[in-house]
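Undergrad: With the input below, show me the fold.
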Amino acid sequence: MNILVDTNILIRLANAADPQHPLAAGATDKLEQAGHDQCIAPQNIYEFWSVATRPIANNGLGLSVPDVQSEVVRFQRLFIFFEDRPA
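TA: The predicted structure follows:
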């Protein structure tokens with residue numbers, strides 16, 4: 001079964017200091033072990049980018065653009081990426 005990964009999961013996976021990081025990592029591991037295909041879409045990337053580059057003082061992760069780019073590449077390797085199509 002295809003499972004769309006919520007952006008909140010991506011944010012917690014990218015932030016090892018987040019108290020919910022182990023929960024997010026465990027959930028994705030459990031889905032993988034159960035044989036589910038975990039997917040992300042461009043909207044996930046847009047939302048993740050917005051939060052990840054926002055300053056910590058403004059409820060963001062405060063990551064640099066190169067760090068965010070690296071995380072996006074990692075997510076595209078970990079999960080099936082559904083591209084937006086005009087149709």
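
Undergrad: Just give me the neighbour total for the closest residue to W49 other than its chain neighbours.
TA: Leaving out its chain neighbours, the residue that sits closest to W49 by Cβ to Cβ, 6 or more residues apart in numbering is V68, at 5.8 Å. (C-beta placed from N, C-alpha, C; glycine too.) Neighbour count for V68, taken as other Cβ atoms under 10 Å: 19.

Undergrad: Spit out the contact partners of V68.
TA: By Cβ atoms under 8 Å, 6 or more residues apart in numbering, the contact set of V68 is 48-49, 52-53.

Undergrad: Narrow the residues you listed to those that are buried.
TA: Buried residues within those, counting neighbours by 16 or more other Cβ atoms under 10 Å: 48-49, 52.

Undergrad: all strands of the protein, in order?
TA: Per DSSP state E, the chain carries strands over the ranges 2-4, 37-40, 80-81.

Undergrad: picking up where we left off before, got TSV for the buried ones among the contacts of V68, with pLDDT and distance to D29 too?
TA: Formatted as TSV, the buried ones among the contacts of V68 follow (pLDDT from 0 to 100; distance: Cβ to Cβ, whole Å):
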residue	pLDDT	distance to D29
F48	97	19
W49	97	24
A52	97	22
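
Undergrad: mind giving me TSV with those residues and columns for distance to P42?
TA: Below are the buried ones among the contacts of V68 laid out as TSV (distance: Cβ to Cβ, whole Å):
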residue	distance to P42
F48	10
W49	10
A52	15
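
Undergrad: Can you list which of the residues you listed are found in helices?
TA: With helices taken from DSSP state H, the overlap with the buried ones among the contacts of V68 comprises 48-49, 52.

Undergrad: Which residue, other than its chain neighbours, is closest to the residue nearest in space to the middle of the chain?
TA: Among the residues of the chain, the one closest to the centroid is L10, at 2.2 Å (Cα atoms, centre = their mean). Excluding its sequence neighbours, the residue lying closest to L10 (Cβ to Cβ, 6+ apart) is F48, at 4.8 Å.
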